[in-house]
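1. Build the 3D model from these lines:
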Amino acid sequence: MADKAVEIANLLAPTVASLGVELLGAEYLPSPGSAVLRLYIDVPADEAVGEDGQPRSVTIEDCEAVSREVSAQLDVEDPISGMYTLEVSSPGIDRPLFTLAHYARFAGETAKVGLTLPQDGRRRLQGRIVRVQGNDVVFDVDGNEFVTAFGNIDKARLVPDWAALGMAPVKPGKDKPAKGAPKGGASKAKK
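-> Numbering: from 1, shown residues only. Okay, here's the model as predicted:
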């Protein structure tokens, strides 16, 4: 996270927590004329299962409540000069990773990572998160360990396993009927 995003996240985290959700992180995207401040909220890990035993997730009402409270706080604190748009979102299926604790929590998952400074000739990588080691994150990239300082990670997101979610697209030629089975539907002859 950029310094401004960290500063804003630290400022807003207590307000968000008071609403029963957790501020995972913030993205601050400045541009001429107007900026975007995107906040990612989630249900705290210890409350991820509701009283009814069902998984609990962020609702639109949670996003609206956070947006209202945070807007008021930003108006008073004024950490952003100029115009900006506030967006409040759940992390989604391609969850962004903001802290070392996020990397530790999702060890074993695949992440797409952008580095601040090139390392071993690369600025981007995709690999399985192996472990957090001090202030470093260890990835398995194509069967090789790739160790990078947490401070050198600009952005990172989990890569969804579409097949495990049952949402993988069918590859051409893989959805053909078995030999001997009729091809297509039965057709009726017109009289």
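2. What count of nearby residues applies to G25?
-> Neighbourhood size, G25 [other Cβ atoms under 10 Å]: 21. (C-beta placed from N, C-alpha, C; glycine too.)
3. How about the contacts made by it?
-> Neighbouring residues of G25 by Cβ atoms under 8 Å, 6 or more residues apart in numbering: M1, A5, A9, L39, Y40, P96, F98, T99.
4. Below-threshold pLDDT in this protein: ranges please.
-> Where the chain drops to pLDDT under 70, the residues are 1-2, 48, 50, 165, 170, 173-191.
5. same thing but at 50, please
-> Of all residues in the chain, those with pLDDT under 50 make up the ranges 176-191.
6. Which residue, neighbours along the chain excluded, lies closest to the spatially most central residue of it?
-> For the chain, R95 is the residue whose C-alpha lies nearest the centre (Cα atoms, centre = their mean; 1.8 Å). The shortest distance from R95 to any non-neighbouring residue, by Cβ to Cβ, 6 or more residues apart in numbering, is to L158 (4.7 Å).
7. Would you state the helices of the chain in chain order?
-> Using DSSP state H, the helices found in the chain span residues 3-17, 60-77, 100-105.
8. what about the last one, distance to the chain center?
-> I take that to be helix 100-105. For helix 100-105, the separation from the chain centroid amounts to 13 Å (computed by Cα atoms, centre = their mean, to the nearest Å).
9. Which parts of that helix count as buried, going by neighbours?
-> Going by neighbour count (16 or more other Cβ atoms under 10 Å), the buried part of helix 100-105 is L100, H102, Y103.
10. Repeat that for stretch 42-60.
-> Buried residues in stretch 42-60, counted by 16+ other Cβ under 10 Å: D42, V43, V58.
11. on that earlier part again, if you rank the contacts of G25 by neighbours, which is first?
-> Within these, most neighbours by other Cβ under 10 Å means L39, with 24 neighbours.
12. Next, find the distance separating I60 from D52.
-> I60 sits 20 Å away from D52, going by Cβ to Cβ, to the nearest Å.
13. and if you look at R95?
-> R95 is 24 Å from D52, by Cβ to Cβ.
14. And R123, by the same measure?
-> Computed with Cβ to Cβ, the distance linking R123 and D52 is 46 Å.
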